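In: turn this into a structure:
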Amino acid sequence: MGLTDRIIRLLVAVVFVVLYLMKVVTGAWGIAMLIIALMFVVTSIVSVCPLYYPFGIKTNNCCKKKE
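Out: Numbering: from 1, shown residues only. Sure, this is the predicted structure:
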């Protein structure tokens with residue numbers, strides 16, 4: 001996972017948590033957003049997104065071929 005991808009995930013996680021804490025989103029949707037925020041934080045820290053593997057998505061620049 002590339003640096004840009006990790007930063008975007010962390011920013012989205014912060015937005016989700018703030019929306020929940022400000023009670024903009026509540027109930028089941030709020031809980032779902034918190035769970036997604038937690039997943040975004042964890043995947044950003046470990047730099048791996050398990051959903052990328054089946055689709056062959058790579059967001060880091062280290063694996064590109066140089067010609």
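
In: contacts and neighbour counts: CA atoms only from here.
Out: Noted.

In: quick one: the helices in the chain?
Out: Listed in chain order, the helices of the chain (DSSP state H) span residues 3-21, 27-46, 52-55.

In: would you turn these into CSV with mean pLDDT and mean neighbour count?
Out: Formatted as CSV, the helices of the chain follow (pLDDT from 0 to 100; neighbours: other CA atoms under 10 Å):
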stretch, mean pLDDT, mean neighbour count
helix 3-21, 95, 16
helix 27-46, 95, 16
helix 52-55, 77, 9
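
In: isn't residue 26 right up against residue 16?
Out: No - counting by CA atoms under 8 Å, residue 26 sits too far from residue 16 to count as a contact (11.0 Å).

In: shared neighbours, those two?
Out: By CA atoms under 8 Å, 6 or more residues apart in numbering, residue 26 and residue 16 have no common neighbours.

In: what about residue 35, distance to residue 7?
Out: 18 Å (CA to CA, to the nearest Å).

In: for residue 42, same thing?
Out: Residue 42 is 12 Å from residue 7, by CA to CA.

In: now do stretch 41-61: distance to the chain's middle.
Out: Taking CA atoms, centre = their mean, to the nearest Å, the mean C-alpha location of stretch 41-61 is offset from the chain mean by 9 Å.

In: ok, residues contacting it?
Out: So stretch 41-61 is in contact with 1, 2, 3, 5, 6, 7, 9, 10, 13, going by CA under 8 Å, 6+ apart.

In: let's go with 6 Å and repeat that
Out: Stretch 41-61 is contacted from outside by 1, 2, 6, 10, using CA atoms under 6 Å, 6 or more residues apart in numbering.
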